[in-house]
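> Have a look; sequence and predicted model below, questions after that.
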Amino acid sequence: MKSKITKILCILFVCVFMFMFSSCAGPLDKKPQYKENADGMALYRYKSKSTEDSFSVPEEYEGKRVTELQAFSIANAEYLKKIHIGKNVETIDVWALTNCQNLEAIEVDAENPNYSSLDGVLYNKDQTELLCYPNAKSPIVKNDAGEYVSGGEFIVPSSVKIIRENAFYLCSGLYKIALNEGLEKIENKAFLKCTNLATLEIPSTVTEIGVDAFSYCDALNALEIPSNVQKIGDYAFYATASSIETIHVHQDKPEDIELGKEWYPNKKNTVHDKVTVEYVGKD
């Protein structure tokens with residue numbers, strides 16, 4: 001009988017211990033998680049907490065330099081409004097900062113030799129590549145009728161030559177963008193699902209538009225493809241209900257440009273009817 005009571009008490013003790021451990025584990029799981037890499041440490045996961053609206057990537061963790069933001073490491077952090085990137089970060093994955101819907105600004109330590117920030121937008125050091133535009137940087141203001149009033153506008157600096165993959169990913173707050181002359185490449189998914197983007201003018205210097213670059217940007221109302229564009233990726237402008245009536249391609253014929261599959265959208269208020277594409281000749 002005594003041994004049976006002892007056994008029951010042991011089981012109860014184990015259960016209480018496990019409950020206490022699991023209660024403590026919750027907050028611990030919320031701490032940023034790091035992994036070793038070839039150069040030091042990489043940020044693996046940051047789990048968003050409602051009590052935190054800012055996060056700083058440290059210079060070091062456990063005595064080792066933090067040099068990398070891995071894929072999805074800060075993605076989907078729903079409460080963050082500001083991110084500060086430490087001076088030792090050398091690599092930021094294209095998925096590292098995506099879909100932070102309340103993010104207003106990304107800052108970079110001035111001593112970082114690889115990255116920089118201008119007005120809250122992330123670039124490489126010499127600002128020839130635009131890497132990440134915060135989702136909530138310039139919210140759209142609408143009237144009671146749901147019509148655009150202000151906000152959601154961005155001018156790309158003249159130094160930029162590449163808009164990197166996922167740079168404006170899911171930026172539903174973007175209404176108008178002024179792409180700069182001198183821009184050469186718009187990479188894959190750069191403006192994927194910018195659902196309120198209505199105004200777009202592709203500069204004459206652009207030569208390549210990537211896969212899904214502007215897919216599901218249903219609000220676009222006009223599109224001109226300049227003659228210097230040599231390649232348009234799969235689904236680059238795909239949409240199921242586009243507001244565009246006619247796309248003008250400044251080439252003599254389709255064979256003069258490398259076109260991906262399903263690269264242009266379906267018309268609004270139709271069933272699988274494609275937007276008209278006209279080849280209007282080179283400038």
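Now that the structure is in, tell me what you want to look at. Numbering: from 1, shown residues only.

> where does the stretch 1-150 of the chain dip in pLDDT?
Where the stretch 1-150 of the chain drops to pLDDT under 70, the residues are 1-30.

> all helices in it, in order from the N-terminus.
2-29 (DSSP state H, counting those that start in this stretch).

> show me where it has strands.
Ranges of strands within the stretch 1-150 of the chain are 33-37, 40-45, 54-56, 60-61, 64-69, 82-85, 91-92, 105-108, 115-118, 121-124, 129-132, 141-142, 148-150, based on DSSP state E, counting those that start in this stretch.

> Please point out which parts of the first one sit buried.
In terms of neighbour count (16 or more other Cβ atoms under 10 Å), strand 33-37 has its buried residues at 34, 37. Where C-beta positions appear, they are placed from N, C-alpha and C, glycine not excepted.

> Give me the sheet partners of it and which way each runs.
strand 40-45 (antiparallel) (DSSP bridges).

> need the strands of the stretch 1-150 of the chain in TSV with distance to residue 283, can you?
Converted to TSV, the strands of the stretch 1-150 of the chain look like this (distance: least, Cβ to Cβ, whole Å):
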stretch	distance to residue 283
strand 33-37	48
strand 40-45	46
strand 54-56	47
strand 60-61	53
strand 64-69	41
strand 82-85	41
strand 91-92	37
strand 105-108	37
strand 115-118	32
strand 121-124	30
strand 129-132	26
strand 141-142	36
strand 148-150	31
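
> among those, which is the most enclosed?
strand 129-132 (a mean of 24; mean count of other Cβ atoms under 10 Å).

> What helices and strands are in contact with that one?
strand 121-124, strand 162-163 (3 or more Cβ pairs under 8 Å, 6 or more residues apart in numbering; DSSP states H and E).

> The same query, at a cut-off of 10 Å, please.
strand 115-118, strand 121-124, strand 162-163 (3 or more Cβ pairs under 10 Å, 6 or more residues apart in numbering; DSSP states H and E).

> and these as a markdown table, adding distance to residue 254?
Formatted as a markdown table, the helices and strands packed on strand 129-132 follow (distance: least, Cβ to Cβ, whole Å):
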| stretch | distance to residue 254 |
| --- | --- |
| strand 115-118 | 39 |
| strand 121-124 | 35 |
| strand 162-163 | 25 |
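
> and of these, who's closest to residue 75?
Among the helices and strands packed on strand 129-132, the nearest to residue 75 by Cβ to Cβ is strand 121-124 (13.9 Å).

> Check which helices and strands that closest one is in contact with.
Using 3+ Cβ pairs under 10 Å, 6+ apart: strand 121-124 touches strand 105-108, strand 115-118, strand 129-132.

> In CSV: those, plus distance to residue 227.
Formatted as CSV, the helices and strands packed on strand 121-124 follow (distance: least, Cβ to Cβ, whole Å):
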stretch, distance to residue 227
strand 105-108, 35
strand 115-118, 31
strand 129-132, 24
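
> ok so, going back, of all the strands of the stretch 1-150 of the chain, which lies closest to residue 257?
Nearest of those to residue 257, taken as Cβ to Cβ: strand 129-132 at 24.3 Å.

> partners of the closest one, with directions?
By DSSP bridges, strand 129-132 pairs with strand 121-124 (antiparallel), strand 162-163 (parallel).

> from the middle of its chain, how far away would the last one be?
Strand 162-163 sits 13 Å away from the centroid of its parent chain (Cα atoms, centre = their mean, to the nearest Å).

> Buried ones in whichever helix or strand comes after that strand, by neighbour count?
Using DSSP states H and E, the helix or strand that follows strand 162-163 towards the C-terminus is strand 176-178. Judged by neighbour count using 16+ other Cβ under 10 Å, the buried positions of strand 176-178 are 176-177.

> List the pairing partners of strand 176-178 within its sheet, with orientation.
Counting by DSSP bridges, strand 176-178 is paired with strand 153-155 (parallel), strand 199-200 (parallel).

> Give the phi and psi angles for residue 97, as a check.
Main-chain dihedrals, residue 97, degrees, to the nearest 10: phi -120, psi 20.

> who's in contact with it?
By Cβ atoms under 10 Å, 6 or more residues apart in numbering, residue 97 lies in contact with 69, 72-77, 80, 83, 85, 103, 106, 122, 131-135, 166-167, 169.
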